[in-house]
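Predicted coordinates and the sequence they were generated for:
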Amino acid sequence: MTELARAFDNVADAYDAARPRYPDGMYDALSEISGVTLADARVVDVGAGTGILTRGLQSRGAQVVAIDPGAEMLTRLLSRADSERSERTAAALRADGNALPLRDAVADLVIYGQSWHWLDPVASIAEARRVLRPGGTIAGCWNFTDARRPGWLAEHEGRLAGECPGYWGQAREEWTVPPMATTFDLVEERWVPWTRMIDIEDFLLDLRSHSYMAVLPRETADELVGRRRAELAEVFPEGLLAVPMRTYLAVGR
């Protein structure tokens with residue numbers, strides 16, 4: 001197991017409980033741009049984690065194979081499927097997205113939710129091309145907080161940038177979306193704006209699930225979260241946050 005996979009396994013519960021789901025508009029845009037009807041489509045979800053994207057695809061009728069290198073992440077994915085008794089059960093394979101354990105030409109769609117930037121940009125796309133059927137689609141999607149305007153969220157991101165050595169986000173001048181669209185024949189990129197309503201504790205749990213937090217010593221992470229909790233409580237005394245979000249989608253063939 002890679003150090004990265006181990007770090008995410010260590011925060012699997014936080015990831016599953018607090019990471020945002022993808023908005024309906026993202027799935028609508030995916031079908032519109034790609035021409036893939038998700039109902040009964042064969043989809044490979046690479047870097048599936050605890051199954052957030054997998055479940056969204058399944059709820060729209062897709063047959064999903066979930067790929068992830070983290071044993072604990074996949075355990076959450078499978079346990080959630082058992083508890084929800086879904087009519088569609090995803091196949092879950094512990095594997096690296098740079099070497100997919102699948103036959104050639106078996107999928108209509110290969111998609112990466114919050115994951116492609118951790119993979120080799122050449123090997124991963126070559127593998128996606130291999131497992132896709134002729135005319136198949138490659139896509140990547142990422143949820144980002146929208147901290148472009150001054151305010152509490154921009155201040156929050158700025159503090160994280162100063163306190164987390166591995167922070168990568170909008171508070172860095174050099175930050176950009178993962179350059180996935182440069183690695184295949186791009187059809188379209190699209191941003192889907194939405195608002196996430198979340199309480200302070202779940203917002204902080206989401207924070208703990210990010211890689212730059214997961215690699216911190218536990219005491220350091222606890223202290224940082226404590227500071228954020230106090231700051232957010234001053235701005236939101238009722239404990240409920242309206243977080244502006246943007247989902248980035250890149251679709252290609």
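Received the coordinates, thanks.

rest of the way, CA atoms for contacts and neighbours
Noted.

now the strands for the protein?
Remark: strands assigned in the chain by DSSP state E are 42-46, 63-68, 91-94, 107-113, 132-145, 186-199, 240-252.

For stretch 54-71, measure first residue to last.
The stretch stretch 54-71 measures 16 Å between its terminal residues, going by Cα to Cα, to the nearest Å.

Give me the distance between it and the centre of its chain.
Averaging C-alpha positions (Cα atoms, centre = their mean, to the nearest Å) puts stretch 54-71 12 Å from its chain's average.

Looking at the strands of the chain, which is nearest to L78?
strand 91-94 (7.6 Å; Cα to Cα).

ok, and for that closest one, which residues are buried?
Residues 92-94 are the ones in strand 91-94 that count as buried (16 or more other Cα atoms under 10 Å).

Of all the strands of the chain, which one comes closest to V215?
Closest among the strands of the chain, using Cα to Cα: strand 63-68, at 18.8 Å.

what's that closest one in contact with?
40-49, 51, 54, 57-58, 74, 88-97, 100 (Cα atoms under 8 Å, 6 or more residues apart in numbering).

try it again with 7 Å
40-49, 54, 58, 74, 90-96 (Cα atoms under 7 Å, 6 or more residues apart in numbering).

quick one: average confidence on that strand?
Across strand 63-68, pLDDT averages out at 96.

Least confident secondary structure element in this structure?
Counting by mean pLDDT, DSSP states H and E, the weakest-scoring helix or strand in the chain turns out to be helix 3-10, with a mean of 78.

What is that one packed up against?
If contacts are counted by 3 or more Cα pairs under 7 Å, 6 or more residues apart in numbering; DSSP states H and E, helix 3-10 sits against helix 211-214.

elements contacting the helix it packs on?
helix 3-10.

and the helix it packs on, how far from the chain's centre?
The answer for helix 3-10 is 15 Å, by Cα atoms, centre = their mean.

can you pull the buried residues of that helix?
5-10.

where does the stretch 51-200 of the chain have low pLDDT?
81-89 (pLDDT under 70).

Next, count neighbours for the spatially closest residue to I52 that is not a sequence neighbour.
Sequence neighbours aside, R21 is the residue nearest to I52 in space, at 6.2 Å (criterion: Cα to Cα, 6 or more residues apart in numbering). When counting by other Cα atoms under 10 Å, one arrives at 14 neighbours for R21.

With R227 instead?
10.

Identify the residues contacting it.
R227 touches nothing, counting by Cα under 7 Å, 6+ apart.

and it, how far is that from W168?
Distance from R227 to W168, by Cα to Cα: 20 Å.

just E201 next, same as before
Taken as Cα to Cα, the span from E201 to W168 is 22 Å.

The two - which one has more neighbours?
W168 (18 against 15).

any idea what sits nearest the more buried one, other than its immediate chain neighbours?
W175 (6.9 Å).

Ramachandran angles for the spatially most central residue of the chain?
Residue closest to the average C-alpha location in the chain (Cα atoms, centre = their mean): Q114, at 2.8 Å. The phi and psi values for Q114, taken as degrees, to the nearest 10, are phi 60, psi 30.

Surely it is in contact with A139?
No: judged on Cα atoms under 7 Å, Q114 makes no contact with A139 at a distance of 11.1 Å.

about what we covered before: could you redo the strands of the chain as CSV and give each row distance to A123?
CSV is the format used below for the strands of the chain (distance: least, Cα to Cα, whole Å):
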stretch, distance to A123
strand 42-46, 13
strand 63-68, 15
strand 91-94, 18
strand 107-113, 14
strand 132-145, 14
strand 186-199, 17
strand 240-252, 16
